[in-house]
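[1] this one's structure only:
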């Protein structure tokens, strides 16, 4: 009988050593990818092993459903996690994200996945306390599956095609889930054009999260002013970047900050516009921070760190008991990278698809 | 004694298409050399200095000084075609 994909026989107790010897792991132990385990993941998505889900031209590598499943098993994913892994991979393989640059840059970013929609509960993702982890299998293993695909399929191995000077802990696993906010706010997926009852994965090439503390100020504007300082950080690579257009960021509003801002009557659009307006830096501020830009020290100019209000992805997540939020910036400007997204296809009802005699599409032409 | 199990290989070994590298130039005499600034802050300075050095030392034409929009993006098709037509060789580099 044929095997579902290429592999080898190994003594069961030596499978772990083999994975290390062959450079298959991120440094942590793996679950051996047996055919039964991989087959269970393929069954959930009902897709063939060799189906190509995306290609990175610069690396001359394609990602197939089968290799994604093998790496997801090794990362510790359960079958119900795999639709999220596939949607995440489809998102990171969108050309606008530029995974080739993201995975190789000395800046050491990692693709952050944001999962939004009913799949959050169905797959057992955590959108509450300790949203960035640890402690939840779905978040940890979905994020790790992406990393293993980057290393094993796309060659993003440190010292070879991953040139990170430092990297950050999100390069092991970087997956959060959105807690749908109370009305009148809508979740991020709806803001990006998806139906409320769909699920989607949003991907962004990100530095590590910057925690934002404001435990005392009861005023929405005061909280947002604090957040703006975290976005307009002179140490950010985007600050004074030669492309001059700014980057993007994720703003994860903890529930207590989100409640204060929403109950004060701010819309999500209001928040994004206010932060964009206040996230500019000046040449003078950068020079005082030791960043040497050409030209005189000047506090009248405006150097963007964010390229527009729509480049702030507002996510509500986290636990009560403290007034915290987090800013997660892209590592470079939008000339190089922009966030991307993809629906979790297995969660979309048939009646939402646009079908003709030949095929079904997610969106009308 | 443990039993043998079949485990699947997580790595992709097949390239979507192989790189076809052009033959190296046999020499610089009479060649047109272009400089491609890759978008890093120091790239243009480094290349200009290198271009002047090459022109002096080898008495060659160092013509186009082109720029990519970003170090993180490949050369756009239009620029690549222009370089193909107008230059025999291209020098590029980081200069970070």
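    All right, it came through fine. Note that the structure is a prediction, hence the values are computed from the model and not measured. Numbering: from 1, shown residues only, chains lettered A, B, ... in the order given.

[2] Please identify which residue in chain B comes closest to chain A.
    Nearest residue of chain B to chain A (C-beta to the nearest C-beta) works out as residue B:72 at 3.4 Å. For the C-beta atoms, the positions are set from N, CA and C on the backbone; glycine is no exception.

[3] what's around residue 29, how many residues?
    I'll assume chain A. Using other C-beta atoms under 10 Å in any protein chain shown, residue A:29 has 12 other residues around it.

[4] wait, I meant chain B there
    For residue B:29, the count of nearby residues is 9 (other C-beta under 10 Å).

[5] and if you look at residue A:258?
    25.

[6] For whatever residue of the stretch 251-365 of chain A ends up closest to chain B, which non-adjacent residue is spatially closest?
    Of all residues in the stretch 251-365 of chain A, the one sitting closest to chain B is residue A:336 (3.5 Å; C-beta to the nearest C-beta). Nearest-residue entry for residue A:336: residue B:72, 3.5 Å, with adjacent residues in sequence omitted and distances by C-beta to C-beta, 6 or more residues apart in numbering or on different chains.

[7] Spell out which helix or strand contains the residue lying closest to residue A:173 once chain neighbours are set aside, please.
    In this structure, residue A:173 finds its nearest non-sequential neighbour in residue A:143, 3.3 Å apart by C-beta to C-beta, 6+ apart. Element membership of residue A:143 [criterion: DSSP states H and E] is helix A:137-152.

[8] For that helix, buried residues please.
    Buried residues in helix A:137-152, counted by 16 or more other C-beta atoms under 10 Å in any protein chain shown: A:138-152.

[9] do stretch A:192-207 as well
    Quick answer for stretch A:192-207 (16+ other C-beta under 10 Å): A:194, A:198, A:199, A:200, A:201, A:202, A:203, A:204, A:205, A:206, A:207.

[10] what residues does stretch A:155-166 touch?
    Residues outside stretch A:155-166 that contact it (C-beta atoms under 8 Å, 6 or more residues apart in numbering or on different chains): A:23, A:59, A:61, A:103-108, A:150-151, A:154, A:167, A:171.

[11] rerun at 6 Å
    A:59, A:103, A:104, A:106, A:108, A:150, A:151 (C-beta atoms under 6 Å, 6 or more residues apart in numbering or on different chains).

[12] Equivalent analysis for stretch A:46-57, please.
    By C-beta under 6 Å, 6+ apart, stretch A:46-57 touches A:4-5, A:62-66, A:89-90, A:93, A:99-100, A:154, B:16.

[13] and the contacts of stretch A:155-166 as TSV, adding secondary structure, distance to residue B:50 and pLDDT?
    What follows is the contacts of stretch A:155-166, written out as TSV (DSSP: H, G, I helix; E, B strand; the rest coil; distance: C-beta to C-beta, whole Å; pLDDT from 0 to 100):
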residue	secondary structure	distance to residue B:50	pLDDT
A:59	helix	28	91
A:103	helix	29	97
A:104	helix	24	95
A:106	coil	22	93
A:108	coil	29	97
A:150	helix	34	98
A:151	helix	35	98
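
[14] Generate a ChimeraX selection restricted to the buried entries among those residues.
    To isolate the buried ones among the contacts of stretch A:155-166 in ChimeraX, judged by 16+ other C-beta under 10 Å, type:
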select /A:59,103,104,108,150,151
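
[15] And the contacts of the helix or strand containing residue A:224?
    If you go by DSSP H and E, residue A:224 is part of helix A:220-231. Contact partners of helix A:220-231, identified using C-beta under 6 Å, 6+ apart, comprise A:210, A:212, A:214, A:217, A:249, A:257, A:260-261, A:264, A:266, A:274-275, A:278-279, A:305, A:327.

[16] Show me which parts of that helix are buried, residue by residue.
    So for helix A:220-231, counting by 16+ other C-beta under 10 Å, buried means A:220, A:223, A:224, A:227, A:228, A:230, A:231.

[17] Can you tell me what sits against stretch A:178-191?
    A:116, A:117, A:127, A:196, A:200, A:262, A:268, A:315, A:316, A:317.

[18] mind redoing it with 8 Å?
    Residues outside stretch A:178-191 that contact it (C-beta under 8 Å, 6+ apart): A:114-117, A:120, A:127-128, A:196, A:198-200, A:202, A:255, A:258, A:262, A:267-268, A:313-318, A:341.

[19] just checking, what packs against the biggest helix by length in chain B?
    Longest helix in chain B, counting residues (DSSP state H): helix B:43-58. With contacts taken as 3 or more C-beta pairs under 8 Å, 6 or more residues apart in numbering or on different chains; DSSP states H and E, helix B:43-58 sits against strand B:32-37, strand B:61-67, strand B:89-93.

[20] among the ones you listed, which is the most enclosed?
    Comparing the helices and strands packed on helix B:43-58 by mean neighbour count (mean count of other C-beta atoms under 10 Å in any protein chain shown), strand B:32-37 ranks first with a mean of 20.

[21] Now for residue B:93: which residues touch it?
    Applying C-beta under 8 Å, 6+ apart, the residues near residue B:93 are B:38, B:43, B:46, B:47, B:50.

[22] Can you pull the residues of chain B lying near chain A?
    Contact residues (C-beta under 8 Å from any C-beta of the partner chain) of chain B with chain A: B:2-12, B:15-19, B:39, B:41, B:69-74, B:96.

[23] Just the ones of those in helices?
    Short answer: those have none in helices (DSSP H).

[24] out of the residues you listed, which are buried?
    Among these, the ones that count as buried by 16+ other C-beta under 10 Å are B:5-12, B:39, B:70-73.

[25] Greatest separation within the residues you listed: which pair is it?
    With C-beta to C-beta as the measure, no two of those lie farther apart than B:5 and B:39, at 48.8 Å.

[26] Run the chain-centre distance for the worst-scoring helix or strand of chain B on mean pLDDT.
    Across the helices and strands of chain B, mean confidence by mean pLDDT, DSSP states H and E is lowest for strand B:61-67: a mean of 79. Centroid separation between strand B:61-67 and its chain, computed with C-alpha atoms, centre = their mean, to the nearest Å, is 14 Å.

[27] what sits up against the next helix or strand after that strand?
    Next helix or strand after strand B:61-67 toward the C-terminus (DSSP H and E): helix B:77-86. Outside helix B:77-86, the residues within contact range by C-beta under 8 Å, 6+ apart are B:32, B:34, B:36, B:63, B:64, B:66, B:68, B:75, B:90.

[28] Nice, that's everything, thank you.
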